[in-house]
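coords below, sequence missing:
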């Protein structure tokens, strides 16, 4: 399949997902009723379903594009935004806010803002390492991310140990990740981050393609590796931080989607970045639609669903696919 | 008239901690010549090439390219004038031949343009033609033999349209047939284009065939510089490699063979 054809098919899939998923859920909605202006149905559709779908479309794009950026940057098929401790940093921020009872600020919950700060803090630590003059090795950066991640997890466990059971439950629930309580505020908050981050990675498509031929060759062709690393890390962490602030950590989308899409559109980032925007958005929206219906009227948090799918995929990747 | 020296290094040294890996050494690369760097493992050949391409910042000394300090040029400016075919590359590169060669155009592209221009594609076609791999253009590079793959990366370096081509061990891991083909390709490039070439190699016969001058590098220092006939002498090679070589054919471009029985 030509990359352009694949991209068109993905676009069709994306549109179909955006149009059809708002209709499914614990309370099925008919498009005709929405258009006729039935007040109950319209409220469900416009106030509950649509913002949620929009957030899923944006969030999935953020996750997939970031995953792609990390996998290319680290030349490691298993890298994703969360490998560098971004989600653990975010979780630590959220858990701290929950422990000390956060309120609201500028329409966003303090928990969300604290997690955004946590995500950026974790990245700042990594970028700080990357910025050191005698250029740090990419593999070292990856290991540093794992170390940050483990440290944050330990502090989270310690905080949970100190908290009462209600607080602990809220912490655990937050860490499952989900899109259940969202409105247009969250959508508008996420939009600029995702647009900006994706645009940055698309602008860096030549550099990312060159990285596929090795860092040494990329540098000899004129790529400033330190600057590239900085830009990719910044763009991805802002996107992911902004998403985690409203939806909690949602794992594995950043791992699964780029891998599938590489097989469909090839390795050229000119096509891969848009493919990840479309494919990631559609995938997360579909997962969320499944999560809303499988145990209706109860909901399965989308973070659990993506992890359930991601775990076996991860195994398959480790065991059956040769290292790239 | 343009000055004959394209690249010159003065007091060039590179140290890792307290250990001196390279230099201090002085070196001139003349326009249009092929300089072959020979020497044992760990002599600093790759370090020298990486300094000359601006990939490594020298611990001390100055490198000037066409009269301008290399340190004052941006990576992109350097890339428009010097192309490099490194020895170490990722084991797998998931791209097609023409995609890799097109990436050689990177230093000529602007960040704002969405697609390569016609002249970029023309440079790719020309590079594929010169190297003689037009029929491979749509193939994934991972499916090719080691020799073909090397040719692809040389084509990419040519598409870069630089004046200086730096090659690190171009025949490493190639069998006899592919070594022969690659040597023929490099000879053709040397004679058919006006590239200046610096190459590092373990293969003394390749150095003899291609080199206008040879630089014998030993423990980071220049042991000797001269024509192939001046360098490929039994006594000098024995000092350089601490192994015995037989000169099986003399003349301007001697052919040597390692004597394992000595």
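Arrived safely, thanks for sending. Predicted model, so just to flag it, every value in this text is computed and none were measured.

hey, let's count contacts and neighbours off CA atoms from now on
Noted.

mind checking the backbone torsions on residue 224?
In the absence of a named chain, chain A is used. phi -80, psi 100 (degrees, to the nearest 10).

not what I meant, chain B
According to degrees, to the nearest 10, residue B:224 has phi -160, psi 150.

I figured it hits residue B:232, correct?
No: the pair residue B:224 / residue B:232 is not scored as a contact, 10.5 Å apart, by C-alpha atoms under 8 Å.

Neighbour count: those two, which is higher?
Counted by other C-alpha atoms under 10 Å in any protein chain shown, residue B:224 and residue B:232 do not tie: residue B:232 has more neighbours, with 27 against 14.

can you pull the contacts of the residue lying closest to residue B:162 once chain neighbours are set aside?
Leaving aside its sequence neighbours, residue B:162 sits nearest to residue B:81 (C-alpha to C-alpha, 6 or more residues apart in numbering or on different chains; 4.2 Å). Residues near residue B:81 by C-alpha atoms under 8 Å, 6 or more residues apart in numbering or on different chains: B:161-164.

So what's the residue count around whichever residue of the stretch 151-262 of chain B sits closest to chain A?
In the stretch 151-262 of chain B, the residue that lies nearest chain A is residue B:160 (8.0 Å; C-alpha to the nearest C-alpha). Neighbourhood size, residue B:160 [other C-alpha under 10 Å]: 29.

how near is the closest residue to chain A within chain B to residue A:240?
For chain B and chain A, the shortest gap (C-alpha to the nearest C-alpha) falls at residue B:76, measuring 4.0 Å. Relative to residue A:240, residue B:76 is positioned 31 Å away (C-alpha to C-alpha, to the nearest Å).

For beta bridges, what are the partners of residue B:15?
Taking DSSP bridges as the rule, residue B:15 bridges to residue B:20.

In contact with it, which residues?
Residue B:15 neighbours (C-alpha under 8 Å, 6+ apart): B:21-22, B:58-59.

among these, who's most crowded?
Counting by other C-alpha under 10 Å, top hit in the contacts of residue B:15: residue B:22 with 27 neighbours.

Kindly confirm my reading that that residue forms part of a strand.
Yes: according to DSSP: H, G, I helix; E, B strand; the rest coil, residue B:22 belongs to a strand.

Cross the contacts of residue B:81 against helices and list the overlap.
Among the contacts of residue B:81, no residue falls in helices (DSSP state H).

Most neighbours of all those residues, which one?
Neighbour max across those (other C-alpha under 10 Å) = residue B:164, 28 neighbours.

Quickly note the distance from that one to residue A:215.
In terms of C-alpha to C-alpha, residue B:164 sits 20 Å off from residue A:215.

And for residue B:10?
Applying C-alpha to C-alpha to residue B:10 and residue A:215 gives a distance of 28 Å.

ok, the closest residue to chain B within the stretch 51-200 of chain A - contacts?
Here the stretch 51-200 of chain A gets closest to chain B at one residue, residue A:75, 9.2 Å apart by C-alpha to the nearest C-alpha. Listed by C-alpha under 8 Å, 6+ apart, the contact set of residue A:75 reads A:211-212.

repeat that with 10 Å
By C-alpha atoms under 10 Å, 6 or more residues apart in numbering or on different chains, the contact list for residue A:75 reads A:69, A:138-139, A:211-215, A:324, B:90.

before we move on, the earlier item: so which of the contacts of residue B:15 is the closest to residue B:105?
residue B:58 (27.0 Å; C-alpha to C-alpha).

is it true that that closest one touches residue B:50?
Yes: counting by C-alpha atoms under 10 Å, residue B:58 does reach residue B:50; the two are 9.4 Å apart.

Excluding chain neighbours, give the residue nearest to residue A:186 in space.
In space, residue A:186 is closest to residue A:246, 6.4 Å off (C-alpha to C-alpha, 6+ apart).

Three-state assignment for the one you found, please.
helix.

in terms of contact, does it touch residue A:177 like I think?
Yes: contact criterion C-alpha under 10 Å: residue A:246 and residue A:177 qualify, at 9.1 Å.

what residues are up against the residue in the stretch 201-324 of chain A positioned nearest to chain B?
Going by C-alpha to the nearest C-alpha, chain B is nearest to residue A:222 of the stretch 201-324 of chain A, at 4.0 Å. Contact analysis of residue A:222 by C-alpha under 10 Å, 6+ apart lists A:207, A:210, B:55, B:74-80, B:82-83, B:104, B:106-108.

ditto for residue A:297
A:25-27.

Which is the succeeding secondary structure element to the host helix or strand of residue A:72?
Element membership for residue A:72 (DSSP states H and E) is helix A:50-73. As assigned by DSSP H and E, the chain's next helix or strand after helix A:50-73 is helix A:86-99.

List the residue ranges of the stretch 201-324 of chain A that fall below the pLDDT cut-off.
Within the stretch 201-324 of chain A, the ranges that satisfy pLDDT under 70 run A:314, A:317-318, A:321-324.
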